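Trainee: model this:
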Amino acid sequence: MTLFLDHPEWYILGPLFGITVAAMYAVSNKPLGATGFYAQLTDMILGRPMKEAWRLWYLLGVMLGGSAAAWIGGDSGPVSYYGKMGELLPIQALIPILFIGGLLMGIGARFAGGCTSGHALCGTSTLSPASIVSTIVFFGVAVIVTFILHAITGGAL
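Mentor: Predicted coordinates:
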């Protein structure tokens, strides 16, 4: 028997995210975004001074927290399931698609001044016009791409 039979409901996680974002602003007056730790990790690797070294602890916490949740949930190893795309494509095709997609997401996040979660959670909570527009564009493009993939694959994706 697992500790978590299913994921927590949206009405529990939503307020927890909101409290976390508000607490981060209250404690450090900084946004809690996921791409900030990549910049700090890059600075550390290149030997440059890190402006916000605490973000590396955030990265470590995300990795350890995810690993602990998987272990508590009974998962024994890395997950290689990617929904319908993983069912339809062989791993040899899936790896470059995921790599290129991740690379494009990273480049886009740097151009946009933050990642989707940073803009949607932190930027919109501070009523940043750029974050509100970015979030609308992120969701709009996701819906359009979903419809296109659905049409191209005959409903398989």
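Trainee: Just give the closest residue to residue 105, not the sequence neighbours.
Mentor: Of all residues not flanking residue 105 in the chain, residue 115 sits nearest, at 7.7 Å (CB to CB, 6 or more residues apart in numbering). Yep, even glycine has a C-beta here, placed from its N, CA and C like the rest.
Trainee: May I see the buried residues of whichever strand or helix holds residue 66?
Mentor: In the assignment (DSSP states H and E), residue 66 maps to helix 54-72. Residues of helix 54-72 classed as buried under the neighbour-count rule (16 or more other CB atoms under 10 Å) are 55, 56, 58.
Trainee: nearest to residue 47, of these?
Mentor: Within the buried residues of helix 54-72, proximity to residue 47 (CB to CB) peaks at residue 56, which comes in at 14.6 Å.
Trainee: Return the distance of the closest one relative to residue 71.
Mentor: 22 Å (CB to CB, to the nearest Å).
Trainee: Equivalent analysis for residue 110, please.
Mentor: 33 Å.
Trainee: and what of residue 61?
Mentor: Residue 61 is 15 Å from residue 71, by CB to CB.
Trainee: In PDB, list the C-alpha atoms belonging to the top helix by length along the chain.
Mentor: Ordering each helix of the chain by length in residues (DSSP state H) puts helix 129-152 first. Extracted in PDB, the C-alpha atoms of helix 129-152 (Å, rounded to 0.1, in the frame of the first residue of the first chain):
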ATOM      1  CA  PRO A 129       1.800  42.900 -17.600                       C
ATOM      2  CA  ALA A 130       4.600  41.000 -19.400                       C
ATOM      3  CA  SER A 131       3.900  37.900 -17.300                       C
ATOM      4  CA  ILE A 132       0.100  38.100 -17.900                       C
ATOM      5  CA  VAL A 133       0.700  38.300 -21.700                       C
ATOM      6  CA  SER A 134       3.300  35.600 -21.600                       C
ATOM      7  CA  THR A 135       1.000  33.200 -19.700                       C
ATOM      8  CA  ILE A 136      -1.800  33.900 -22.100                       C
ATOM      9  CA  VAL A 137       0.500  33.200 -25.000                       C
ATOM     10  CA  PHE A 138       1.900  30.000 -23.400                       C
ATOM     11  CA  PHE A 139      -1.600  28.500 -22.800                       C
ATOM     12  CA  GLY A 140      -2.900  29.700 -26.200                       C
ATOM     13  CA  VAL A 141       0.000  28.100 -28.100                       C
ATOM     14  CA  ALA A 142      -0.400  24.900 -26.100                       C
ATOM     15  CA  VAL A 143      -4.000  24.700 -27.100                       C
ATOM     16  CA  ILE A 144      -3.300  25.400 -30.700                       C
ATOM     17  CA  VAL A 145      -0.400  22.800 -30.900                       C
ATOM     18  CA  THR A 146      -2.700  20.200 -29.200                       C
ATOM     19  CA  PHE A 147      -5.400  20.800 -31.800                       C
ATOM     20  CA  ILE A 148      -2.800  20.600 -34.600                       C
ATOM     21  CA  LEU A 149      -1.300  17.400 -33.300                       C
ATOM     22  CA  HIS A 150      -4.700  15.900 -32.800                       C
ATOM     23  CA  ALA A 151      -5.600  16.700 -36.400                       C
ATOM     24  CA  ILE A 152      -2.400  15.500 -37.900                       C
END
